[in-house]
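Undergrad: Sequence first, then the predicted structure, then my questions.
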Amino acid sequence: MNGPVLIIGGGPAGMALALALRRKGIESRIVDARPRGAAKADARILALSHGSKLILETLGVWRDIPHTPIETIHVSHAGGLGRTVMRAAEEDVPALGYVLAAGDLAAALDAALGEIPYTDNTPAPQHPDALLVVHAEGRIDDAPDLVTRDYGQHAVICEARGDRPHGRIAWERFTPAGPVALLPFHDGYAVVLTCPAADSARIATLDDAAFLALLQQRFGPRVRLTAVGARLVYPLGLRMRRQVTGEREVWIGNAAQTLHPVAGQGFNLALRDIAELADTLTGAADPGDPALLARYAARRRLDRLATVEFTGSLVRLFSNDIGPLRHLRGAGLLALDLCPPARSFLARRMMFGARAW
């Protein structure tokens, strides 16, 4: 036996799980089909919640990840009145979230692995010699119980500069073509511009001046943008396994679900899965015991399903220009802004998941 837990996939989810297991005294090893360090080249920008920061602190890697705090989140929608603002001070936390480069996160996790066995350039074994196999190899290609939802949208991501300091404010603007997010990142912004899938290639390849004009028109006048960087395009949609456990198997991270990036819940959900799995396996003589895995799946069901539904509902409710819905959205945002308990409920839901209360 080469170790009780085999982790397939050496990306951020797989490495974070290996560190979480080590902290609980559980041996693991990683096997990845890619060269070690491939995840350091990930160009995406992540928004991690305060709850995720606490998890990464327990893993001993947070101090090594460059990050920009989000102290205020401003949410609005185009074409109508109504907006809401959430502030870290109201929740008695230093920041609601943090913006960081996925490549920097991967580098910090990799550096912390130490002596944890890591085999790269190796396909997943057909007959693993382990008591438990954890799949963390990324996007789900096929599964008998796979749930998919095509939102007909792509995300065009880039970095941008504004005409004044960002003030650690994150902006989420819902428009009929999809949400636009400006996240404070270093001394500028990380931009997520959602657009119809059929139009994403054209938009991404506009010259800087034309793209900047389109982005400004979509976002509105609250922040004046002065420059943009190179653009990348990512398809958006939901891909989710109904069951995240099998016979001596568990799926985590994008191997369990990929979500629309609205509200930035994807990797935050993965970290909560990882923390729960490590806690569940602590002290177990057999980490692949069916009763143990069933307990893990039951503990994660509420948060997982609620996060998927929350994300999907935001996309369905806000990515259209139906008159009655537009007025309903505005009224809802205004009511949220006028009701501190409801606003706090949403803020804590985004920071800690569906079990925050």
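TA: Okay, I see it.
Undergrad: Any chance you could list what contacts stretch 193-202?
TA: Contact with stretch 193-202 is made by 152-158, 177-180, 203, 215, 218, 233, 235-236, 262, 319, as judged by Cβ atoms under 8 Å, 6 or more residues apart in numbering. Heads up, the C-betas are built off the backbone N, CA and C, glycines and all.
Undergrad: Now which of these would you call buried?
TA: Among these, those buried by neighbour count (16 or more other Cβ atoms under 10 Å) are 153-158, 177-180, 203, 215, 218, 233, 236, 262, 319.
Undergrad: Extract the C-alpha trace of the longest strand along the chain and format it as CSV.
TA: Ranked by number of residues, the top strand in the chain under DSSP state E is strand 146-162. C-alpha atoms of strand 146-162 as CSV (Å, rounded to 0.1, in the frame of the first residue of the first chain):
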residue,chain,number,x,y,z
LEU,A,146,-24.1,14.4,-14.8
VAL,A,147,-26.3,17.5,-14.6
THR,A,148,-25.5,20.2,-17.2
ARG,A,149,-26.8,23.6,-17.9
ASP,A,150,-25.7,25.8,-20.8
TYR,A,151,-26.2,29.5,-20.1
GLY,A,152,-25.3,30.5,-23.6
GLN,A,153,-22.6,32.7,-22.2
HIS,A,154,-18.8,33.1,-22.2
ALA,A,155,-16.6,35.2,-19.9
VAL,A,156,-14.1,37.6,-21.4
ILE,A,157,-11.5,38.3,-18.7
CYS,A,158,-8.7,40.8,-18.5
GLU,A,159,-7.1,43.4,-16.3
ALA,A,160,-8.0,47.1,-16.4
ARG,A,161,-7.0,50.4,-15.0
GLY,A,162,-9.2,53.1,-13.6
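Undergrad: Which neighbouring elements make contact with the helix or strand just after it?
TA: On the C-terminal side of strand 146-162, the nearest following helix or strand under DSSP states H and E is strand 169-174. Applying 3 or more Cβ pairs under 8 Å, 6 or more residues apart in numbering; DSSP states H and E, one finds that strand 169-174 contacts strand 72-77, strand 180-185, helix 208-219.
Undergrad: hmm, try it at 10 Å
TA: For strand 169-174, the elements it packs on are strand 68-70, strand 72-77, strand 83-87, strand 180-185, strand 188-196, helix 208-219, helix 290-318, helix 323-338, judged by 3 or more Cβ pairs under 10 Å, 6 or more residues apart in numbering; DSSP states H and E.
Undergrad: Can you lay out those as JSON lines showing distance to residue 167 and mean pLDDT?
TA: Output for those, formatted as JSON lines (distance: least, Cβ to Cβ, whole Å; pLDDT from 0 to 100):
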{"stretch": "strand 68-70", "distance to residue 167": "10", "mean pLDDT": "98"}
{"stretch": "strand 72-77", "distance to residue 167": "7", "mean pLDDT": "89"}
{"stretch": "strand 83-87", "distance to residue 167": "12", "mean pLDDT": "88"}
{"stretch": "strand 180-185", "distance to residue 167": "8", "mean pLDDT": "95"}
{"stretch": "strand 188-196", "distance to residue 167": "11", "mean pLDDT": "94"}
{"stretch": "helix 208-219", "distance to residue 167": "16", "mean pLDDT": "96"}
{"stretch": "helix 290-318", "distance to residue 167": "24", "mean pLDDT": "82"}
{"stretch": "helix 323-338", "distance to residue 167": "19", "mean pLDDT": "60"}
